[in-house]
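> would you be able to build a 3D model of this:
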Amino acid sequence: MAKKKVIVIGGGIVGLSTAYYLLQEGHEVSVIDKGQITSGASHVNAGYLTPSHIVPMAAPGMITKGIRWMFNASSPFYIKPRFDLDLIRWGLKFMKSCTPEHVQRSMKSILEINLLSKQLYLEMQKTQFLDFHLETKGLLMAYKTAHAEREEAEVVRWAKELGITVNHYSKEEVSELQPEAPMDIAGAYWYESDAHSTPELFMKNLKAHLTTQGVEFVLEREVTSFQKKGNHLIAVQTDRGQFPADEFVVATGAWSEQLLKTLGVRLSVQAGKGYRLNLNQSTGINLPAILLEAKVAVTPMEGFTRFGGTMEISGINQKINAKRVAAIAKVANDYYPEVRIPQASIDEVQSGLRPLSPDGLPFIGRHSAVANLVLATGHSMMGWSLGPATGKLVTELISNQFSSLDLSPFAPERN
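Numbering: from 1, shown residues only. Got it, this is the predicted structure:
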């Protein structure tokens, strides 16, 4: 196999995972990022590996919920009303995808790529040169109301049909599993398949490993355009210099749509902002959980507990919506009566922008407009979970190897 010079644009979990697998195949790799790779969605997420998340965001009922929640600034899902043609195009495609047929068609593909990624994470954990936190404790879906229980029961039925082990626990059974952090819930479903990690630790150690192995990091450089010859890219132009390569990977998350426009490639990706609150004091929480009514994720990480949530579609910005942060803090106490989020944690809140595709599936593959460009973006709420699998699949494309998975559900030019 011919070794290639590859430029990966974007230093999030997808970009670094791509660099990791390209390096294993002997390619020469450079990662270009507009920041220092110390913040963003890959650092502030819930750290979940989620084979349980088989239902795409574009699902029946989301339109009704979205309209209802749009008028509540502290709701789990919020679209800031604004006139934006890209948002309108994305919204129309999203509505078109919110069908039972789309859900049934997508579940197996979502599960397969999640299982592949979990396997790759576990393989990484076994290596001597990557030290990071990863626990396979599954995931609780905790509920207070009969309505939330019924909604999740339907997902549970689908999950079991696909071979996922799910247990149904009463409030008392959850308390036995987690005695030091009593929950005010009616019950919970427990997905055995899932795992959780500490994102910042993983990102820091993976970047350090790649650096020692010869990956070039070109940081605080923004890609502004591309140099093209025919239908091939020759180089990327940044705000400080040009970089040539044989192959190019766009792993720029929420920024992908704007960057690809410079190539005449249309890809619909909206930024979905989420927030995280870290609680550094002991909480007694040892099981990761999603608090279903509020759509808040809770993760016991290495040395702290993280509460994260909301899906805010308000464009590319880092503005903190205080109402939404306060809502997460209140939910923590509602479900864990003995847990209080201190003001210090609220003051140190951070946000990240998830790249939302209109149908909830990532874009992984080549685009017909450019022969030597691979897209790896649009992972919605599964970016952390799917990072390694995406990196592996991208590397197989560039190395002209057989693909570990059928890539057609993730094709960038799918309808």
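
> CA only for contacts and neighbour counts going forward, please
Noted.

> ranges for the strands of the stretch 1-150 of the chain?
For the stretch 1-150 of the chain, applying DSSP state E, counting those that start in this stretch gives strands covering 5-9, 28-33, 48-49, 77-79, 134-135, 139-143.

> now the stretch 151-300 of the chain
Applying DSSP E, counting those that start in this stretch to the stretch 151-300 of the chain gives strands spanning 166-170, 187-191, 195-197, 216-219, 223-229, 232-238, 241-244, 247-250, 270-279, 289-291, 296-301.

> strands paired with the third one, and their directions?
Sheet partners assigned to strand 195-197 using DSSP bridges are listed as strand 48-49 (antiparallel), strand 134-135 (antiparallel).

> for the nearest residue to F202 once chain neighbours are set aside, what are its contacts?
Nearest non-adjacent residue to F202, counting by CA to CA, 6 or more residues apart in numbering: F132, 5.3 Å away. Going by CA atoms under 8 Å, 6 or more residues apart in numbering, F132 touches 125, 197-198, 201-202, 205.

> only the buried subset of the residues you listed, as a PyMOL command please.
Provided next is the PyMOL selection string for whichever of those are buried by 16 or more other CA atoms under 10 Å:
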select buried, resi 125+197+198+202
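
> against Y143, how distant is E192?
17 Å (CA to CA, to the nearest Å).

> what about the two, which has more around it?
Neighbour count, other CA atoms under 10 Å: between E192 and Y143, Y143 has more, with 24 against 17.

> can you add distance to I63 and mean neighbour count and give the strands paired with strand 195-197 back as TSV?
Output for the strands paired with strand 195-197, formatted as TSV (distance: least, CA to CA, whole Å; neighbours: other CA atoms under 10 Å):
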stretch	distance to I63	mean neighbour count
strand 48-49	26	28
strand 134-135	35	18
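
> could I get the ones you listed as TSV with mean pLDDT?
Converted to TSV, those look like this (pLDDT from 0 to 100):
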stretch	mean pLDDT
strand 48-49	98
strand 134-135	96
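
> reformat those as a markdown table; add distance to G91.
Shown next, in a markdown table, are those (distance: least, CA to CA, whole Å):
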| stretch | distance to G91 |
| --- | --- |
| strand 48-49 | 27 |
| strand 134-135 | 36 |
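
> of all these, which one is nearest T390?
strand 48-49 (13.4 Å; CA to CA).

> show me the contact partners of that closest one.
Here strand 48-49 has contacts from 114, 117-118, 194-197, 384-386, using CA under 8 Å, 6+ apart.

> quick one: the residue lying closest to K204 once chain neighbours are set aside from G391, how far?
If the residues on either side of it in the chain are set aside, K204 comes closest to T38, at 7.9 Å by CA to CA, 6+ apart. Separation of T38 from G391 (CA to CA): 19 Å.

> what about those two, which has more around it?
Between T38 and G391, counting by other CA under 10 Å, G391 is the more crowded of the two (24 against 13).

> looking at this, the more buried one is in a helix?
Yes - counting by DSSP: H, G, I helix; E, B strand; the rest coil, one finds G391 located in a helix.

> ok so, going back, tell me which of the strands of the stretch 1-150 of the chain is the most buried.
When the strands of the stretch 1-150 of the chain are scored by mean count of other CA atoms under 10 Å, the highest mean neighbour count falls to strand 48-49 (a mean of 28).

> about what we covered before: closest one to S225 among the strands paired with strand 195-197?
strand 48-49 (34.1 Å).

> for the residue lying closest to D334 once chain neighbours are set aside, what are its contacts?
Using CA to CA, 6+ apart and skipping residues adjacent in sequence, the residue nearest D334 is D184, 7.0 Å away. Contact analysis of D184 by CA under 8 Å, 6+ apart lists 144, 171, 334-337.

> can I assume V331 sits in a helix?
Yes - according to three-state DSSP, V331 belongs to a helix.

> what is the neighbour count of it?
Using other CA under 10 Å: V331 sits among 19 other residues.

> that one reaches K295, doesn't it?
No - under the criterion of CA atoms under 8 Å, V331 is not in contact with K295, lying 9.5 Å apart.

> residue contacts, T18?
T18 neighbours (CA under 8 Å, 6+ apart): 8, 388, 390-392, 394-395.

> and for A251?
Residues in contact with A251 (CA under 8 Å, 6+ apart) are 8-12, 14-15, 375-377.

> between those, which is nearest F304?
G12 (22.0 Å).

> check the closest one and give its pLDDT.
G12 carries a pLDDT score of 98 in this model.

> hang on, isn't it packed against S42?
Yes - here G12 reaches S42: they are 5.5 Å apart, a contact under CA under 8 Å.

> shared neighbours of those two, anything?
Common neighbours of G12 and S42 (CA under 8 Å, 6+ apart) do not exist.

> can you report how many residues lie near P56?
Neighbour count of P56, defined by other CA under 10 Å: 21.

> ok, now the one 3 residues further on?
Taking other CA under 10 Å as the criterion, the count of residues near A59 is 21.

> go on, the one 3 residues further on?
Neighbours of M62 under the rule other CA under 10 Å: 16.

> now for it: which residues touch it?
Counted by CA under 8 Å, 6+ apart, M62 has contacts C98.

> rewinding a little: who wins on neighbours among the contacts of T18?
Going by other CA under 10 Å, T390 tops the contacts of T18 with 31 neighbours.

> residue contacts, M124?
So M124 contacts L130 (CA under 8 Å, 6+ apart).

> out of the helices and strands in this protein, which is least certain?
One helix or strand of the chain scores below all others by mean pLDDT, DSSP states H and E: helix 62-70, with a mean of 75.

> could you pick out the longest helix of the protein?
Counting residues, the longest helix found in the chain (DSSP state H) is helix 100-126.

> and the residue nearest to G61 when sequence neighbours are not counted, how many residues sit next to it?
Of all residues not flanking G61 in the chain, C98 sits nearest, at 7.6 Å (CA to CA, 6+ apart). C98 has 21 neighbouring residues, counting by other CA under 10 Å.

> and what of the one 5 residues further on?
V103: 20 surrounding residues under other CA under 10 Å.

> same thing with R105?
R105 has 11 nearby residues by other CA under 10 Å.

> equivalent analysis for G35, please.
Residues near G35, counting by other CA under 10 Å: 15.
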